[in-house]
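1. With the sequence up front, the predicted model follows.
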Amino acid sequence: MIDKTDLWIVITALAVGSFGLRFLFLGLVGDRAMPEWVMRHLRYTAVAVLAALVTPLVVWPAATGGQTDPVRLFAALSAVCVGYFSKSVYGALGTGAAVMIAAAYWPA
């Protein structure tokens with residue numbers, strides 16, 4: 001059982017940390033123009049976060065006991081190709097989902 005004091009210390013520390021990060025970027029730097037190199041790097045933040053969230057689910061999926069699944073690899077490759085050529089996040093997500101759904105109904 002977690003002690004209530006420890007829980008509130010963790011919640012407070014996370015709240016202060018979250019506020020501090022947001023204040024740093026919005027309060028202190030928000031009204032200034034950022035250098036071009038910073039803006040160039042920030043453009044890739046969403047792509048990097050999405051890849052970091054999806055890659056472990058493709059390479060070591062819990063549904064297969066951590067074994068690599070060819071269907072998931074093909075769905076990921078298809079999504080990457082569609083996303084690269086169409087520059088559409090929704091197209092890539094839809095393609096990956098369509099491949100996974102089609103594989104579920106494909107006769108074995």
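-> Perfect, thanks for sending it. Residues are numbered from 1 along each chain as shown.

2. Now do the same contact list for the residue minimising distance to the centre of the chain.
-> What sits nearest the mean C-alpha location of the chain, by Cα atoms, centre = their mean, is residue 50, with 2.5 Å. By Cβ atoms under 8 Å, 6 or more residues apart in numbering, the contact list for residue 50 reads residue 89. Just so you know, the C-beta spots here come from the backbone N, C-alpha and C atoms, and that holds for glycine as well.

3. Which pLDDT value belongs to it?
-> pLDDT recorded at residue 50 is 84.

4. try residue 23
-> 89.

5. what number of residues lie near it?
-> By other Cβ atoms under 10 Å, the residues close to residue 23 number 12.

6. Same check on residue 96?
-> Neighbours of residue 96 under the rule other Cβ under 10 Å: 22.

7. before we move on, the earlier item: next one: the residue nearest to the centre of the chain from residue 90, what distance?
-> According to Cβ to Cβ, to the nearest Å, residue 50 and residue 90 sit 12 Å apart.

8. Then residue 48?
-> Residue 48 is 19 Å from residue 90, by Cβ to Cβ.
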